[in-house]
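J.: I need the structure of the sequence given here:
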Amino acid sequence: MSPASDTVTLSTPARANAQTCDASKIKSTPNSRGAAVISENIGVLGVEVPKLSPWVQRDVAQAKQCKVDAMLQVLLQRASCAPETVQLELLLKKCLEAVLPVCNGQLSGKDVCSLDIKTALQQYVLPGDEKNFYGPFTKATNIALACLAEIKVDGMGDPVPTVDMICQQNDQLMYQTHQTETSMRKPDLVLLPLNSACAAFPAEIDGQEGTQQGEKKDDEKDTAMDDETNDKKRKAHMGGNATRKPKNLAWKDILACLEFKRKTPGRTKGITSPPSSYTVTDYVPTKREYLPLEHLKAAAPEPDTSETPAPPQPSSGAAFQSSGLTTAEAPLGGSGSKRKAADTLESATKRSKTNSDNTHANIDVTVQTGLYAAEMFASNLGVNYLLNIIVVDDVMWIWYYDRQGIIQCSGINFIQDLPRFMVLLYALQRFELHNWGRNKHFVPVQVEGKQCHEFKIEDKELGTVDLLLHTSHDERVTHYGLQSRATNVVPVTSEALTKKYPDLRDDMVAKIFWGEESRTSEPEILKRVEEIAKEHDSVRGHIPELLWHHTFTNPTSAIRQALGVPESTTGSRVLHILVFRKLRPITELHGKELFDVWYQCILCHLTLWKEGVYHRDVSPPNLMWYWKDGKRIGVLNDYDLSSLADEPGPRGNERTGTVPFMALDLLTEEGQRGEVKHLYRHDLESFMWCFAWISLRYKNGFLLRRGLRPFDEWARLDAVACGDKKFMFQSRMKLPASTPKDETTWKFLEGCFDVLDELDFIRRRKQRKAGMVEEEKAESEDMDGFLEKFTSTPAWAVLSKPSP
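T.: Numbering: from 1, shown residues only. Coordinates of the predicted model:
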C-alpha cells in the first residue's frame, strides 16, 4: 500500500496552462485560468461573489487524483506521536485493525455503544430524499467519534480536547463579507469544535453557564475543561442539537464541510445495507472511483423565507467571522492600503450587496464544495490547507485544497468499507488546529474589542519580531478563491520594528501571500531594485520601502511528494510575510494629479526594465504614492510576479499580469499559451489601460456606482474574451452615455489609444514581412522610442504643463 503505487495523475480536464506546444515556443509563463485570474479582483475590480463560481470550476477541473489509502496514510502520519517519522503503511494497517471492534458493534464508549452506528447506517440506506441522509449520518459519525476516543493505537496521539471535533447538521445559510460583497453558502453538514457547535444554540449554553462558572471558582488555576462536564455537554448535544439547524455558524470555526447528493433524487430503492460484520480488506475501487466535474448539480435552495434571515451586519467587536469590510461609509482622508485603490467603495452610502452562487444557478457539487473551501480560506489568516468531503449515496470522496491546487481522493463506500471511514474519523479526531491547516503562527487575539492576529518570530538582526496584524481594519485587502498567491494586505504595528523605524509606528502594512517557489522571491528582486535606485533618480524614492520580511519553509509540494503525485513541485508555493511602509492608492487622484503620479511610475518602470528588472503586473493597485516635501511621489509597487533579465526563461507556473490591464497581444490564445514574449511595450500598454480604468471609473477618489462606470464585464470574462472587449473599446473609443467624463482626460485617452492602434497596424505589417523574432528584437532595443510615441502627442503635452 505504498503512496506511490496508490496514486494516479489524471487531470479533469487537462490543465489550461499545460504546455501542449513545443517547449521551444514558450516565451512567457502560460496563463493559469482558474480562480487565480480573478479571485484577487473582488476588491480590485468590483467583482460580484456569484461571478466567481465559473473560475472556481476551472480550478476544480485541474484537480489531481490519488488513492484514498495514500491520503489516509498521510493524515494518520500527521496525527501520530511522531509526525516527522515516516511510518505510513504501518500506521494504516494498525489503525484498520484497531477500529474493527467499533465497526462490528463490540465497543462501548461513555454512554454510547458502537452497535448504534450500524443502526444509524441502516436508517441512512433507506430510500428517500437527500435530506434524509443528514440525521443518520450525523448520528453515526458522532457515535463513532465517542467510541473511537477509547481506541489506543501504538504511535498515535490522543483525541485533542481543545478541538473536540463533532459533526453538526447545518443545511442553513452562512454569511461572510468579502470587502464589498457578502456571500451566502449552505453546507449540509460541518465538522467543527464542540464549543463552536454549542455556541450556535444559545439555550444550550445558558443551561450550562452556572455549572461551568461554579466549577471554575473551585479551582481557578485549572485551565483544562473538566472531563465529566465535557462528556455531559457532548452527550447532550449529540442527543439533540447536533441534528438540528444551528444559528449563525461562523466560517472561521468550520474544520470541514460535508456535502450530500442523491444520485437519483426521490429514489424508491434503497442503498445496499451494511454487511453483518467487517474485516480488514484491500481497498476496493468504487463504481465511480473519482468524482468528475459536472457529475451532479447542486439543487437550488428551497425558497423558505424562515431559513433565509437577513445577513448579520458585521461589527467591529465580532470575532473574525468576516473582514468587516462594507461600503456603508466611505473612509475619510488618505488610506495607506490598497483597499481604496482596489475599487472597494461602491459609493458613499450604498451597503454591501448580498449574493449567493447557489441561488443563481445549478452548481456542480464539486464546485459548490470548492466555494465552501474558498469561504474557509478567507475566514482565517494564512491557512495552509483544507479538507472537505463529498458524499453521493454510499460513497464519499475526500477533497484536499491548498494554494498549489486541489487533490481528490478515490471514493470510499463507507457502508461496505466502514473501517476506512472509521480510520478517517480516528485521524481527524486527533488533529490539533494546525493539523487542520490553520496557521499556528498567526494567533487570534482581541484588542480593544476588535479581532487581530499576533505573530512573533526570532530574527537574527532584531531578536524577537512582534507583529500585531489588524485583521478587522477596514483597510485590509482580502482574498477570495482557491489556488494562487492569495494576497492579504493588513495594517500592522510592531514594537520591534518601531524601534528601528520610529517615524513609521502607525504607517506600516504587512503583505501576506503564497509565492511560487520557482520564482525569484520579491525580497530578492527588491534588493536588485534598491541597487538600481542608488544610481538612478527616476527609481530612487519611487519604489516600496521593505522594512522586514520572513519566508516560511513548509512548501505545498510536500504532501504531493508524500502521495507520489507526479510533477509535485510544479507550482509549489511557500508563504511569505513582508512589512512595508504604508502608501496611498493612485485612485484617490484625478486629472493632472493622477497624470503626474502615473507618469512618475512609468519612468521608474522604464529604468528598471532597462536595468533588467521586468515588472510584468502593471495594474491600479500596484501604482501608489506618498507625500514628500509637499509633492506627490509615485511608487511602482508589488514585485512578486516580476523577473530578472538574467533568468534563463519563463519561471513559475502562474500568470503574470491582471487580465483587465494586460496588453492585447497577451490576451490572445497564443499569449495565453505563453507563445508571445512579454516585452516592454506590453507593460507600457498596461499603463494606458490603467489610466483609462482609473479616470473613467472614479470620481473624487471614489468608485462610481454600477450603471455609471464602464468596463465591469472585463473583470468577469476569461482572458481571450476580455481581450476582444478591450480591442473593441480601443478601436471605437465609445462609452455608455451615462458615464461621466472629463474632456481633457478623454482627449488624452483618445490620443494614447490612437497611438496603440497605429503601432499595432505597423507591427502586424512588419511581422508579415520580417517574422516575429526580428520584430521582437527591434522593439526590445527601442523602449525610449516607443514611449516617445505617446509623450509627443498634443494631449500629453497639455497634461504635462506645470500647474499655474
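J.: residue nearest the centroid of the chain?
T.: When the chain is reduced to its mean C-alpha position, the nearest residue by Cα atoms, centre = their mean turns out to be residue 481, at 3.7 Å.
J.: quick one: which helix or strand includes it?
T.: No secondary structure element spans residue 481, as it lies outside all helices and strands (assigned by DSSP states H and E).
J.: Distance of it relative to residue 406?
T.: 12 Å (Cβ to Cβ, to the nearest Å). Where you see a C-beta, it was placed from the backbone N, CA and C, and this is true even at glycine.
J.: re the thing from before, show the pLDDT at the residue nearest to the centre of the chain.
T.: Here the pLDDT value assigned to residue 481 is 84.
J.: coming back round to it: find the residues that touch each one of residue 481 and residue 406.
T.: Taking Cβ atoms under 8 Å, 6 or more residues apart in numbering as the contact rule, the neighbours common to residue 481 and residue 406 are residue 59.
J.: Tell me how far the residue nearest to the centre of the chain lies from residue 415.
T.: Using Cβ to Cβ, one obtains 35 Å as the distance from residue 481 to residue 415.
J.: now residue 488
T.: In this view, residue 488 and residue 415 are 42 Å apart by Cβ to Cβ.
J.: longest single helix anywhere in the protein?
T.: With DSSP state H setting the assignment, residue counts place helix 743-770 as the longest helix in the chain.
J.: from the chain's centre, how far out does that one sit?
T.: 37 Å (Cα atoms, centre = their mean, to the nearest Å).
J.: ditto for stretch 571-578
T.: Average the C-alpha atoms of stretch 571-578, do the same for its chain, and the two points are 13 Å apart (Cα atoms, centre = their mean).
J.: Let me know the average pLDDT across that stretch.
T.: Model confidence over stretch 571-578, given as mean pLDDT, is 96.
J.: Give me the residues contacting it.
T.: Applying Cβ under 8 Å, 6+ apart, the contact partners of stretch 571-578 are 32, 382, 384, 402-405, 439, 455, 467, 483, 485, 510-518, 521-523, 546, 548-557, 560, 640, 652-654.
J.: repeat that for 6 Å
T.: If you take Cβ atoms under 6 Å, 6 or more residues apart in numbering as the criterion, stretch 571-578 is touched by 382, 403-404, 510-517, 549-552, 555-557, 653.
J.: Please enumerate the strands of the stretch 601-750 of the chain.
T.: For the stretch 601-750 of the chain, the strands defined by DSSP state E, counting those that start in this stretch occupy 613-614, 623-628, 631-636, 643-644, 698-699, 702-703.
J.: Just send these back as JSON lines, with mean neighbour count, distance to residue 290 and mean pLDDT too.
T.: Rendered in JSON lines, the data for the strands of the stretch 601-750 of the chain read as follows (neighbours: other Cβ atoms under 10 Å; distance: least, Cβ to Cβ, whole Å; pLDDT from 0 to 100):
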{"stretch": "strand 613-614", "mean neighbour count": "23", "distance to residue 290": "40", "mean pLDDT": "96"}
{"stretch": "strand 623-628", "mean neighbour count": "20", "distance to residue 290": "44", "mean pLDDT": "97"}
{"stretch": "strand 631-636", "mean neighbour count": "20", "distance to residue 290": "45", "mean pLDDT": "98"}
{"stretch": "strand 643-644", "mean neighbour count": "18", "distance to residue 290": "36", "mean pLDDT": "92"}
{"stretch": "strand 698-699", "mean neighbour count": "19", "distance to residue 290": "47", "mean pLDDT": "92"}
{"stretch": "strand 702-703", "mean neighbour count": "20", "distance to residue 290": "43", "mean pLDDT": "88"}
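J.: ends of stretch 380-395, how far apart?
T.: For stretch 380-395, the first and last residues are 30 Å from each other (Cα to Cα, to the nearest Å).
J.: next one: that stretch to chain centre, how far?
T.: Taking the mean C-alpha point of stretch 380-395 and that of its whole chain, the gap between them comes to 14 Å (Cα atoms, centre = their mean).
J.: And for stretch 254-273?
T.: Taking the mean of its C-alpha atoms, stretch 254-273 sits 28 Å from the chain's own mean (Cα atoms, centre = their mean).
J.: Go over the secondary structure and confirm residue 160 is in a strand.
T.: No. If the criterion is DSSP: H, G, I helix; E, B strand; the rest coil, then residue 160 is coil and not within a strand.
J.: if I look at the nearest residue to it once chain neighbours are set aside, how far off is residue 560?
T.: In space, and not counting its chain neighbours, residue 160 is closest to residue 432: 5.5 Å by Cβ to Cβ, 6 or more residues apart in numbering. According to Cβ to Cβ, residue 432 and residue 560 sit 22 Å apart.
J.: who's more crowded, those two?
T.: residue 560 (25 against 14; other Cβ atoms under 10 Å).
J.: so that one makes contact with residue 566?
T.: No. Counting by Cβ atoms under 6 Å, no contact exists between residue 560 and residue 566, whose distance comes to 8.7 Å.
J.: confidence score at residue 657?
T.: Looking at residue 657, its pLDDT reads 79.
J.: Let me fix that, I meant to ask about residue 248.
T.: Looking at residue 248, the pLDDT reads 87.
J.: does it sit in a helix, a strand or a coil?
T.: Classification of residue 248 into helix, strand or coil gives coil, according to three-state DSSP.
J.: That one: how many residues sit nearby?
T.: Residue 248 is flanked by 15 other residues according to other Cβ under 10 Å.
J.: which residues in the stretch 501-650 of the chain form helices?
T.: In the stretch 501-650 of the chain, helices defined by DSSP state H, counting those that start in this stretch lie at 522-535, 557-563, 591-610, listed in chain order.
J.: Make a markdown table from those helices and add distance to residue 239 and mean pLDDT to it.
T.: Formatted as a markdown table, the helices of the stretch 501-650 of the chain follow (distance: least, Cβ to Cβ, whole Å; pLDDT from 0 to 100):
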| stretch | distance to residue 239 | mean pLDDT |
| --- | --- | --- |
| helix 522-535 | 53 | 97 |
| helix 557-563 | 37 | 95 |
| helix 591-610 | 64 | 97 |
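J.: Output the ones you listed in a markdown table, with distance to residue 694 appended to each entry.
T.: Putting the helices of the stretch 501-650 of the chain into a markdown table (distance: least, Cβ to Cβ, whole Å) gives the following:
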| stretch | distance to residue 694 |
| --- | --- |
| helix 522-535 | 24 |
| helix 557-563 | 38 |
| helix 591-610 | 6 |
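J.: do you know which of these lies nearest residue 55?
T.: Using Cβ to Cβ as the criterion, the shortest distance between residue 55 and the helices of the stretch 501-650 of the chain is 22.6 Å, found for helix 557-563.
J.: Please save the CA atoms from that closest one in CSV.
T.: The C-alpha trace of helix 557-563 is given here as CSV (Å, rounded to 0.1, in the frame of the first residue of the first chain):
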residue,chain,number,x,y,z
SER,A,557,4.7,20.3,-2.7
ALA,A,558,5.3,18.2,0.5
ILE,A,559,2.0,16.4,0.5
ARG,A,560,2.2,15.8,-3.2
GLN,A,561,5.6,14.2,-2.8
ALA,A,562,4.2,12.1,0.1
LEU,A,563,1.3,11.0,-2.1
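J.: What helices and strands are in contact with that helix?
T.: For helix 557-563, there is no helix or strand it packs on, judged by 3 or more Cβ pairs under 6 Å, 6 or more residues apart in numbering; DSSP states H and E.
J.: about what we covered before: if I look at the residue nearest to residue 160, how far off is residue 454?
T.: As judged by Cβ to Cβ, residue 432 and residue 454 stand 18 Å apart.
J.: who touches the closest residue to residue 376 other than its chain neighbours in this structure?
T.: Here the nearest residue to residue 376 in space, its sequence neighbours aside, is residue 386; by Cβ to Cβ, 6+ apart that works out to 5.2 Å. Under the criterion of Cβ under 6 Å, 6+ apart, the contact partners of residue 386 comprise 373, 376, 401, 437.
J.: What is the nearest of those to residue 711?
T.: Nearest to residue 711, judged by Cβ to Cβ, of the contacts of residue 386 is residue 373 at 29.5 Å.
J.: Helix, strand or coil: sort out the closest one for me.
T.: When states are read from three-state DSSP, the local structure at residue 373 comes out as helix.
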